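Below are the sequence and a predicted model; questions follow.
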Amino acid sequence: MFRRGAPARRPEDLTGHDCINLRLPTLGGLYAWEFEKDGRELRVRVKGQLVFNTASLVLKAALEGFGIAFFMEDAVRAHLEAGALVRVLEDWCPPFAGYHL
């Protein structure tokens, strides 16, 4: 499952793994993965050989086993429940309360 050793235990550990990046056209750069634990917020710029500009292609690559991807749980819940994807750094990913106006 993890081609480059043990799964990540801290966000910083992601630098030792192949991650699948998402390029956000509106920001002009790669999305920095956002984490939070015990009130500490952390943004990590991950590395990997694959970069896509749509989340659907990031998901497809993750499902094919090309690396670790960053998604909100609701977006991939069916794949998690089916065992096609596994959670990584779950204790660094607080529940998403949803969008508010």
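Sure thing, it's come through.

Show residues contacting the worst-scoring helix or strand of the chain on mean pLDDT.
Within the chain, no helix or strand scores below strand 29-30, which has a mean of 88 by mean pLDDT, DSSP states H and E. Here strand 29-30 makes contact (Cβ atoms under 8 Å, 6 or more residues apart in numbering) with N21, L22, R23, L24, R45, V51. Backbone N, C-alpha and C define where each C-beta goes, glycine included.

roughly how far apart are the fourth one and L89?
Spelled out, that is L24. 21 Å (Cβ to Cβ, to the nearest Å).

Not counting its neighbours along the chain, what's nearest H79?
Using Cβ to Cβ, 6 or more residues apart in numbering and skipping residues adjacent in sequence, the residue nearest H79 is L85, 4.4 Å away.

wait, what's in contact with the one you found?
A62, L63, V76, H79.

Reformat the residues you listed as a markdown table; add distance to G39.
Below are the contacts of L85 laid out as a markdown table (distance: Cβ to Cβ, whole Å):
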| residue | distance to G39 |
| --- | --- |
| A62 | 29 |
| L63 | 33 |
| V76 | 26 |
| H79 | 30 |
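
from these, which is closest to A69?
Taking Cβ to Cβ as the measure, A69 lies nearest A62 of these, at 3.9 Å.
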